[in-house]
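Enquirer: just the structure for this:
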Amino acid sequence: MKKQSSRKTEELTKEQEKIEESDIDTAKSKKTLTKKAKDTNKKTKTLKKKEIDLLKYEKELYKQGIKFICGVDEVGRGPLVGPVVAAAVILPINYHLDGLNDSKKLSEKKREELYPKIIKDAICYGVGMIDAATIDEVNIYEATKLAMYEAINSLKIKPEHVLIDAMPLNLSMPSTSIIHGDATSASIAAASIVAKVTRDHMMDELDDLYPMYGFKKHKGYPTKFHLEMLEKYGPLDNYRFSYGPVKKYKK
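Expert: This is a model prediction of the structure:
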């Protein structure tokens with residue numbers, strides 16, 4: 001009897017130990033889940049803070065009673081071919097769009113996703129393009145400014161204030177040039193996406209006509225493959241002959 005009682009006691013002790021271990025594992029699991037939830041909340045709050053910060057320049061202007069704020073940005077200074085493209089966008093007051101950011105920080109898929117939403121939601125937008133021949137004539141810096149002027153002038157509504165990504169412009173309305181504006185202003189970020197997607201689509205169309213150059217992949221930038229194809233096939237008429245790698249082909 002004593003042996004049976006001792007065996008039962010041992011079995012009960014083992015069962016109790018299993019229960020205690022299970023309770024410890026459950027507690028650890030709950031603690032891990034709680035930590036993950038807190039980390040997720042922190043990340044969400046950080047993301048929201050960043051999104052709110054994108055309106056800091058706009059909000060200062062809202063306080064002054066200014067409603068029609070235009071963001072301006074360009075794309076295409078570095079490519080060897082095609083135009084430099086600028087966009088001007090006036091967004092609704094306190095506009096929010098998940099994922100809105102500098103176009104350079106977004107994937108092509110994300111830009112393509114945001115582009116139609118920006119076009120649809122914008123109060124108005126305009127696009128300016130300066131071709132390769134003009135870039136060769138006046139230089140890329142001046143051509144960029146011309147593209148920006150063209151984009152602003154094509155707006156259906158005259159902006160009350162213009163926010164520009166790191167480019168001083170001589171405008172008839174007040175303006176602010178912001179370094180890294182495409183990452184700190186919602187209006188400029190929206191313009192950067194419109195400009196980028198517009199130009200990318202042009203390069204895609206050029207790729208359909210001349211697939212051997214690979215424009216769909218490199219968008220005209222001087223990648224190793226692009227330079228090899230340029231050497232093999234020579235430049236098209238819309239190349240920038242003032243740019244180093246293309247200069248030697250100038251007639």
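Enquirer: of all residues in this protein, which one is nearest the centre?
Expert: With distances taken as CA atoms, centre = their mean, the residue of the chain nearest its centroid is residue 103 (2.0 Å).
Enquirer: isn't that residue up against residue 193?
Expert: Yes - with contact defined as CB atoms under 8 Å, residue 103 and residue 193 form a contacting pair (4.7 Å). Every residue, glycine included, has its C-beta placed from N, CA and C.
Enquirer: any residues in contact with both of those two?
Expert: By the contact definition CB atoms under 8 Å, 6 or more residues apart in numbering, residue 103 and residue 193 are jointly contacted by residue 111.
Enquirer: quick one, phi/psi of residue 90?
Expert: phi -110, psi 120 (degrees, to the nearest 10).
Enquirer: check whether it really touches residue 72, as I assumed.
Expert: No - taking contacts as CB under 8 Å, residue 90 lies outside contact range of residue 72: 10.3 Å.
Enquirer: ok, these two, which is more surrounded?
Expert: Taking other CB atoms under 10 Å, residue 90 and residue 72 do not tie; residue 72 has more neighbours (32 against 25).
Enquirer: and residue 62, what does it touch?
Expert: Taking CB under 8 Å, 6+ apart, one finds 93-94 in contact with residue 62.
Enquirer: per-residue confidence for it?
Expert: Reported pLDDT at residue 62 in the predicted model: 98.
Enquirer: wasn't it part of a helix?
Expert: Yes - per DSSP: H, G, I helix; E, B strand; the rest coil, residue 62 lies within a helix segment.
Enquirer: next one: it relative to residue 102, how far apart?
Expert: Computed as CB to CB, to the nearest Å, the residue 62 to residue 102 distance reads 22 Å.
Enquirer: try residue 136
Expert: Taken as CB to CB, the span from residue 136 to residue 102 is 28 Å.
Enquirer: these two: who's more crowded?
Expert: The residue with more neighbours, out of residue 136 and residue 102, is residue 102; 20 against 17, by other CB under 10 Å.
Enquirer: just to check, the more buried one is in contact with residue 185?
Expert: No - look at residue 102 against residue 185 with CB under 8 Å: they stay out of range, at 9.7 Å.
Enquirer: how many residues are close by the closest residue to residue 180 other than its chain neighbours?
Expert: With CB to CB, 6 or more residues apart in numbering as the criterion, residue 180 has its nearest non-adjacent residue at 7.2 Å, and that residue is residue 166. Neighbour count of residue 166, defined by other CB under 10 Å: 13.
Enquirer: can you give me the helices in this structure?
Expert: Per DSSP state H, the chain carries helices over the ranges 2-53, 56-63, 108-121, 132-138, 140-153, 181-184, 186-209, 215-218, 224-233, 244-247.
Enquirer: which of those has the lowest mean pLDDT?
Expert: It's helix 2-53: among the helices of the chain, that one has the lowest mean pLDDT, namely a mean of 53.
Enquirer: residue contacts, residue 88?
Expert: Residue 88 makes contact with 70-72, 125-128, 148, 151-152, 154-155, 159, 162, 191, according to CB under 8 Å, 6+ apart.
Enquirer: quick check: closest non-adjacent residue to it.
Expert: Of all residues beyond its chain neighbours, the one nearest residue 88 is residue 151 (4.0 Å), with distances taken as CB to CB, 6+ apart.
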